[in-house]
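Peer 1: What would the 3D arrangement of this be:
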Amino acid sequence: MPLLDVNDLTTYFHTRNGVVRAVDGVSFQLEKGETLGIVGESGSGKSVTCMSMLGLIPQPPGRIERGTAHFDGTDLLHCTRKELQSIRGRRVAMIFQDPMTSLNPYLRIEDQLIEPLLIHGLADKVSAKKQALAMLDAVGIQDAASRIRGYPHEFSGGMRQRVMIAMALITKPDVLIADEPTTALDVTVQAQILELIKKEQQELGTAVILITHDLGVVSGFCDRINVMYGGKIVESGPTKEIFYNPQHPYNRALQNSIPALQAKGKELYTIPGMPPDMSKPSAGCSFAPRCEHATDLCTSEPPELQDIGQAHTTACLRVQRENLKP
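Peer 2: Predicted coordinates:
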């Protein structure tokens, strides 16, 4: 039985300009100790998927329309607020995109680090401070004993990101959701952050969901990958299958956009067109207007994920009907 089983998760935002279908029928599973990557362009529904599971979307305008998210026997979408609070931050933790806005500028780093331990009753204040200091040292903050009394503005971007990781890992969670943890960091710090998450994952047996738009990051870090577009998963499978046997035109287009794969001196490839307007429902495949392989079939019939072997699924109708070869 999977540690996390998400089925038909659907989250809409009801705005004055219409209903925005941010997440539309997303299903996936996560095993203990596994690393799952969720990739896609900005606005594809990656962050909203995970924030919906933890009850972190603003309601209103957000609303979870349907679906389930079973974590170790508890449905996160339909449990009581008290049950969710006992799980969130303790057994399921999240590293948010922007560490500067996620950290309270008025509180010392020490106070923010010990808060999860105190709220969940995992330690008294003296023990919590010792654990906070040890965790800050573990995530690579030099001179942790003096830095722990500092404020967020006294830390660099990379150091604040390490503090966020320390806060997420201090309760030794079963699931860690890392929402673009390396965004806006230089390449050296990126590698250090990912190595740190991997090290803690191996020591604690934590399952990780890595949300990113950087295919280069997930290629060497994740066991499986979900490719999202227009609020839906359009392709899912083991990392090697996703990269060496891409079956959805959007997945192939994303890989063609990787700068390192471009010929030197050649113009960089960009996906034509713009991402879909999520407030306007599409009769067929939402990627069809930007897809060079689209036919009338693609614009009239809604695609569903279908298994094509090797634990690999795709939502491309033409690939499913074997009239489009990757």
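Peer 1: can you give me the strands for the stretch 1-150 of the chain?
Peer 2: For the stretch 1-150 of the chain, strands defined by DSSP state E, counting those that start in this stretch occupy the ranges 4-15, 18-30, 35-39, 62-71, 74-75, 92-95.
Peer 1: For Pro281, which of the ones you listed is the nearest?
Peer 2: strand 18-30 (6.8 Å; Cβ to Cβ). Using the backbone N, CA and C atoms, a C-beta is placed for each residue, glycine as well.
Peer 1: same question for stretch 123-137, mean pLDDT?
Peer 2: Mean per-residue pLDDT for stretch 123-137: 87.
Peer 1: how far out from the middle of the chain is that stretch?
Peer 2: Stretch 123-137 sits 28 Å away from the centroid of its parent chain (Cα atoms, centre = their mean, to the nearest Å).
Peer 1: Go through that stretch and flag the buried ones.
Peer 2: Within stretch 123-137, the residues that count as buried by 16 or more other Cβ atoms under 10 Å are Ala123, Ala128, Lys129, Gln131, Ala132, Leu133, Met135, Leu136, Asp137.
Peer 1: Then stretch 220-233?
Peer 2: Within stretch 220-233, the residues that qualify as buried are 221-233, counting by 16+ other Cβ under 10 Å.
Peer 1: on that earlier part again, let's have the strands of the stretch 1-150 of the chain in JSON lines, adding mean pLDDT, distance to Thr182 and mean neighbour count.
Peer 2: Converted to JSON lines, these look like this (pLDDT from 0 to 100; distance: least, Cβ to Cβ, whole Å; neighbours: other Cβ atoms under 10 Å):
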{"stretch": "strand 4-15", "mean pLDDT": "92", "distance to Thr182": "23", "mean neighbour count": "19"}
{"stretch": "strand 18-30", "mean pLDDT": "91", "distance to Thr182": "21", "mean neighbour count": "20"}
{"stretch": "strand 35-39", "mean pLDDT": "93", "distance to Thr182": "13", "mean neighbour count": "25"}
{"stretch": "strand 62-71", "mean pLDDT": "92", "distance to Thr182": "26", "mean neighbour count": "18"}
{"stretch": "strand 74-75", "mean pLDDT": "90", "distance to Thr182": "31", "mean neighbour count": "16"}
{"stretch": "strand 92-95", "mean pLDDT": "89", "distance to Thr182": "10", "mean neighbour count": "24"}
